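Peer 1: Sequence and computational prediction follow.
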Amino acid sequence: MYPFVSRSDSMQKKTDPISHAKCTANRVLAPLLFVTVFCICPFASAAEPTAAQTGKQPVQNAALIYWQAFAVMPTLTEGERTAFDAAVKDPQTKVTPELTPVVSRFRNALREMHRGTKAATCDWGLDYDEGPNLLLPHLQKARELSRAAILRSRLRFSTGDVDGAVDDVLATFILGRHCGRSPVVIGVLVNIAIEKVAIDVLAEHLPMLSLRQLDSVSKALANLPPMASLEECMKTEGESFCDWIERTLDAEDQKLKDPTAGIKLLKALHEVGIGEKPAGNASATDEEKIREEILKTMTVADVRTSLKRLRSDYQTLESIAKADPAERLKQWTAFDAQLFEDKRMTKLEDRLRCLSTDLLPTFGRVLTRYEQQRIRRELLNLAIAVQRTGPDAVKSSKEFAPGKLTYTKSAAGFVLSYVESPDSTESLTVGHP
């Protein structure tokens, strides 16, 4: 797991005469080499040569640099972790100077994080052939690093270092986008979570920014790396997931060699962590018992038909994802209602959709989070415009439906609110509440 961890220096092998002679020679030659280097290279202690001077190209893949940042993230003591988590939990509380030593322990990791944000691309090297077993260890590490960056940003704002604070916030945006660039839903959700905190912290401190800084932030936000679309996620996940299931079914089918053993294939999938366990239990409801009996009638051909239906349903989700935002929710609601009905298995043919009803992602929740964050990004852009030119910017906004956007003056700034529906309102507070 840790291929570059070397043995302890204390684990010495027995020294033979030849090794001893080599060590003696090295001790004699080392000072001479030191003198030679500094005689030939009088500026050896100066700054490292630039890429233009050496002819070397800078690292283009941000993921390689981020992993270096992750590697040097500190292990916090219990007391440090308590203070860190408390500050992260409530981003609107004022940070205290006591947090400075904790955040300073992330200094090297944050330096590498900033370096990574300047790379041209970000490829995490994900193996999509692994299907549901796809490893995503970088996501949790990125969330931890983004929290440290945001805490340092808040500390810098509190001391008047606005440029430094803004740099940390913008680097956090980019790290989030780099997490969300891979076309997997969990990566997009992590990006949304990181971005939400960055938006809130930046909005809270907008009144501290000069016009120059506001213009710089506005330009940086407009040029953030793109996040994978929900359409891309559904396409990639659908193909890799279904291909993996098909390979697993093929392998199990070869073992069983029984065309009537569809239920055994479903159980084999469950054994590797896929879907619900198709087996009854003492506490099963009458509806669940009926479903179990129907699944027992599944043949191998039925399971393969169900897999084809799963592929088709992923394609439907892909189509819903690329629909106009105003239509996406309607289309998903109708699709989800049919899924719910088919899962009940009130008729025999419903069993042919058993993989879809068990395995499709909770697309509605993802869609809701996606739309909420899209609105928050637009509210932030509008907040910057208001901060630059005044409240009249709200009247001229073309990103929000008429009558659904409100501007409320507050003691420290203002609040922008958008009523998406009677049950959903997104608000952005500018200035410390």
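Peer 2: Nice, thanks for sending it over. Numbers count the residues shown, from 1 in each chain.
Peer 1: Now S421, what are its backbone angles?
Peer 2: Main-chain torsions, S421, degrees, to the nearest 10: phi -160, psi 170.
Peer 1: per-residue confidence at it?
Peer 2: As predicted, S421 sits at a pLDDT of 77.
Peer 1: before we move on, what about L295?
Peer 2: 84.
Peer 1: which ones are touching it?
Peer 2: G262, I263, L266, P278, M345, R351, C354 (C-beta atoms under 8 Å, 6 or more residues apart in numbering). Placement of C-beta: from N, CA and C, glycine included.
Peer 1: same check, this time on D200
Peer 2: Counting by C-beta under 8 Å, 6+ apart, D200 has contacts P91, Q92, L428, T429.
Peer 1: picking that back up, from the contacts of L295, which has minimum pLDDT?
Peer 2: Of all the contacts of L295, P278 carries the smallest pLDDT score, 57.
Peer 1: what about the strands in this structure?
Peer 2: 405-409, 414-421, 424-430 (DSSP state E).
Peer 1: Ok, which of those strands comes nearest P74?
Peer 2: strand 424-430 (31.8 Å; C-beta to C-beta).
Peer 1: packing partners for the closest one?
Peer 2: Under the contact criterion of 3 or more C-beta pairs under 8 Å, 6 or more residues apart in numbering; DSSP states H and E, strand 424-430 touches helix 185-204, helix 363-389, strand 414-421.
Peer 1: Please dump these into JSON lines; it should also carry distance to I290 for every row.
Peer 2: What follows is the helices and strands packed on strand 424-430, written out as JSON lines (distance: least, C-beta to C-beta, whole Å):
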{"stretch": "helix 185-204", "distance to I290": "32"}
{"stretch": "helix 363-389", "distance to I290": "26"}
{"stretch": "strand 414-421", "distance to I290": "37"}
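Peer 1: so of those, which one's packed in deepest?
Peer 2: Here the criterion is mean neighbour count by mean count of other C-beta atoms under 10 Å, and of these the winner is helix 185-204, at a mean of 22.
Peer 1: circling back to that earlier point, who wins for proximity to E271 among the helices and strands packed on strand 424-430?
Peer 2: Taking C-beta to C-beta, helix 185-204 is the member of these nearest to E271, at 23.1 Å.
Peer 1: could you give the angle of that closest one to strand 414-421?
Peer 2: If you take axes from the mean of the first three to the mean of the last three C-alpha atoms, to 10 degrees, helix 185-204 sits at 140 degrees to strand 414-421.
Peer 1: Okay, buried residues for stretch 206-223 please.
Peer 2: Across stretch 206-223, burial judged by 16 or more other C-beta atoms under 10 Å covers L206, L209, L214, S216, V217, S218, A220, L221.
Peer 1: Distance check, the second one against M227.
Peer 2: When you say that, I think you mean L209. 25 Å (C-beta to C-beta, to the nearest Å).
Peer 1: The fifth one now?
Peer 2: Between V217 and M227 the distance, using C-beta to C-beta, works out to 19 Å.
Peer 1: Over to C179?
Peer 2: Separation of C179 from M227 (C-beta to C-beta): 9 Å.
Peer 1: and for these two, which residues touch both?
Peer 2: Counting by C-beta under 8 Å, 6+ apart, the shared contacts of C179 and M227 are N191.
Peer 1: who has more neighbours, those two?
Peer 2: Per other C-beta atoms under 10 Å, whichever of C179 and M227 has more neighbours is C179, with 32 against 23.
Peer 1: On the pLDDT front, check that one for me.
Peer 2: With respect to pLDDT, C179 scores 97.
Peer 1: need the contact list for it.
Peer 2: If you count contacts by C-beta under 8 Å, 6+ apart, then C179 has H138, L139, A142, G187, V190, N191, I194 around it.
Peer 1: Go through those residues and say which is closest to Q372.
Peer 2: N191 (13.1 Å).
Peer 1: which residue packs closest to that closest one, ignoring adjacent ones?
Peer 2: G180 (2.7 Å; C-beta to C-beta, 6 or more residues apart in numbering).
Peer 1: Against I186, how distant is that neighbour?
Peer 2: From G180 to I186 the distance is 10 Å (C-beta to C-beta).
Peer 1: likewise E399?
Peer 2: From E399 over to I186 (counting by C-beta to C-beta), the distance is 28 Å.
Peer 1: Over to A321?
Peer 2: Distance from A321 to I186, by C-beta to C-beta: 16 Å.
Peer 1: Likewise for D336?
Peer 2: Using C-beta to C-beta, D336 is found at 20 Å from I186.
Peer 1: just E426 next, same as before
Peer 2: Shown here: E426 relative to I186, a distance of 23 Å by C-beta to C-beta.
Peer 1: can you check Q254 too?
Peer 2: To I186, Q254 is 32 Å away according to C-beta to C-beta.
Peer 1: Equivalent analysis for E144, please.
Peer 2: 16 Å.
Peer 1: Many thanks, have a good one.
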